[in-house]
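Chemist: heads up, no residue letters with this:
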Ligand SMILES: Cc1cc2nc3c(=O)[nH]c(=O)nc-3n(C[C@H](O)[C@H](O)[C@H](O)COP(=O)(O)O)c2cc1C
């Protein structure tokens, strides 16, 4: 079937805005990304989740394929991240993240359990196999939105 109305794109990237959430400048930059996304994504019909951990991003973008691709092109060019790698790019009949313009999660506790479950020593989204990625997508879908990162 090639006529699904949506796609889900999952990518990993490395933040260039620092790796420590307790750092005010990193928090500020994250807040800018999240608040811009929350304003802009509804206009494009895009939903999803942004995870930040250990200096890495993992983002899930869902929406109409051409709209998701256009946004992803912009993100690829965004100097606040680098080393972008697509982990999943699939047609979808439904939006898994329909409730969130851009859910933001750091998942400190859940991530520790996730790493333990899969025998990993640190969060490295580039190293996830398909089973780990599916588990992580479910974790991100069920996790409580953390709003925007707090300003110090
Ligand atoms: C990791 C990361 C995730 C981003 N996610 C989004 C997003 O979901 N929506 C969005 O509009 N911009 C997002 N951005 C910002 C875009 O790269 C870009 O700055 C923005 O789309 C330009 O906005 P404009 O074309 O609406 O002016 C993200 C940037 C980074 C670094």
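Modeler: Done, it's in. Predicted model only: the values in this text are computed from it and were never measured.
Chemist: show me the contacts for residue 59.
Modeler: Shown in contact with residue 59 (C-beta atoms under 8 Å, 6 or more residues apart in numbering): 10, 11, 13, 48, 49, 50, 51, 75. (Each C-beta comes from the backbone N, C-alpha and C, glycine too.)
Chemist: Out of these, the closest to the ligand would be?
Modeler: residue 75 (4.1 Å; C-beta to the nearest ligand atom).
Chemist: ok, now which ones touch that closest one?
Modeler: By C-beta under 8 Å, 6+ apart, the contact list for residue 75 reads 11, 13, 59, 81, 84.
Chemist: With adjacent residues omitted, what lies nearest to residue 51?
Modeler: Excluding the flanking residues, the one nearest residue 51 by C-beta to C-beta, 6 or more residues apart in numbering is residue 58, at 4.5 Å.
Chemist: Residue 123 - that's part of a helix, no?
Modeler: No - counting by DSSP: H, G, I helix; E, B strand; the rest coil, one finds residue 123 to be coil, located in no helix.
Chemist: So what would you say the end-to-end distance of stretch 51-61 is?
Modeler: 12 Å (C-alpha to C-alpha, to the nearest Å).
Chemist: Can you check which helix is longest in this protein?
Modeler: For the chain, the helix with the greatest residue count under DSSP state H is helix 24-44.
Chemist: circling back: out of the contacts of residue 75, who has the most neighbours?
Modeler: residue 59 (24 neighbours; other C-beta atoms under 10 Å).
Chemist: so what pLDDT did residue 148 get?
Modeler: pLDDT recorded at residue 148 is 67.
Chemist: Report the buried residues of stretch 36-50.
Modeler: By 16 or more other C-beta atoms under 10 Å, the buried positions in stretch 36-50 come out as 37, 41, 46, 47, 48, 49, 50.
Chemist: quick one: pLDDT of residue 98?
Modeler: pLDDT recorded at residue 98 is 93.
Chemist: what does the one 10 residues further on give?
Modeler: Among the per-residue scores, residue 108 holds a pLDDT of 84.
Chemist: now for the longest helix of the chain, which elements pack on it?
Modeler: Packing partners of helix 24-44 (3 or more C-beta pairs under 8 Å, 6 or more residues apart in numbering; DSSP states H and E): strand 47-53, helix 65-76.
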